[in-house]
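I'll drop the sequence and a predicted model, then ask my questions.
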Amino acid sequence: MAGSAANLFELFWENSKLNPVTARSFAAQVASYSTCGRRPPVLRFPTPDVVLERPTDLLASLMARRQSARAFSRKPVSASQLGRVFGAFAASAQGSRTFPSAGATYAVEIFCLLNNVEGPLNGHAVYYNHDRHSVSVVGEIPSWEEYADTVNIETSGVPQLVFVFVVLPERATQKYGERGGRFALLEVGHAAQNLALRLVAEGMVGCAAGGLHDDAFRARLRLGHVHAHVALGYLCGLAPQERRMVGRLIRPRTG
């Protein structure tokens, strides 16, 4: 934390890291909460509700169909579809990002572990370059069975893609101090929502994975020499055949 403009943010991150030891207590806490049958309280105000008109456009349709799913088929993701999924993060022709970043500090970098894709990138971790819409190979990855425990989420089948959103906090905290830590995490959320909507458009499925083991993924992505935090994982890919058939039946017509 030496020289950091946000020591308290760094302390928060250190205290919330997961590893094989802390993951057990984390899982116990989650299990305890889920058995309590709790629901979030509803905020109520003394004035009457004003009902608003609902949108019915394509974006509303995509948002309505977004859901979390953890079942994946054995079919590989094609090279063309892989490019379209990464397009969720591509810079525009004018050079701007498709998701906001506080002060254009761009505190988020995106990696992906390719478990099951067509072509020579299969079995590798890659880094995504927003400006060129390209990827660089970081290194080979082990089989899903060998690293699934560090993802810390149960699935049915192997996710074809495991996106990893990495925060380089000093890009934001050097400008905004402690508050920059919040801005960096908000940027992660914006990027993840882009991905979620892109998956719906592609007829693919996925779910966020917030329990990645920090140091294991830092090592796998070769970030040991960089001040970077593993903020969020996102498992995604192709649903089992029966799930995809249902998806086609409910897909609205666009023409």
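Now that the structure is in, tell me what you want to look at. Residues are numbered from 1 along each chain as shown.

tell me which residues in stretch 207-214 are buried?
Residues of stretch 207-214 classed as buried by neighbour count (16 or more other C-beta atoms under 10 Å): Cys207, Ala208, Ala209, Gly211, Leu212, His213, Asp214. Heads up, the C-betas are built off the backbone N, CA and C, glycines and all.

Looking at those, which are in helices?
Under the assignment DSSP state H, the buried residues of stretch 207-214 contribute Asp214 to helices.

Pipe the buried residues of stretch 207-214 into CSV and attach distance to His227 and pLDDT per row.
Formatted as CSV, the buried residues of stretch 207-214 follow (distance: C-beta to C-beta, whole Å; pLDDT from 0 to 100):
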residue, distance to His227, pLDDT
Cys207, 28, 97
Ala208, 24, 97
Ala209, 23, 96
Gly211, 22, 94
Leu212, 18, 96
His213, 18, 96
Asp214, 13, 96
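
Can you tell me which of the buried residues of stretch 207-214 end up in strands?
Cys207, Ala208, Ala209 (DSSP state E).

So which of those residues is the closest to Cys236?
Ranked by distance to Cys236 (C-beta to C-beta), these are led by Cys207 at 7.7 Å.

Pretty sure the closest one sits against Ser68.
Yes - using C-beta atoms under 8 Å, Cys207 makes contact with Ser68 at a distance of 3.9 Å.

Output the longest helix belonging to the protein.
Longest helix in the chain, counting by DSSP H: helix 179-202.

Sort out which residues of that helix are buried, please.
180-181, 183-188, 191-192, 194-200, 202.

do the same with stretch 138-147
For stretch 138-147, a neighbour-count test (16+ other C-beta under 10 Å) marks Val138, Ile141, Trp144, Tyr147 as buried.

The second one and Arg220: what is the separation?
Counting by C-beta to C-beta, to the nearest Å, the separation of Ile141 from Arg220 is 7 Å.

Determine the residues that are contacts of both of these two.
Leu113, Ala125, Tyr147 (C-beta atoms under 8 Å, 6 or more residues apart in numbering).

residues near Gly123, how many?
Residues contacting Gly123 under the criterion other C-beta atoms under 10 Å number 14.
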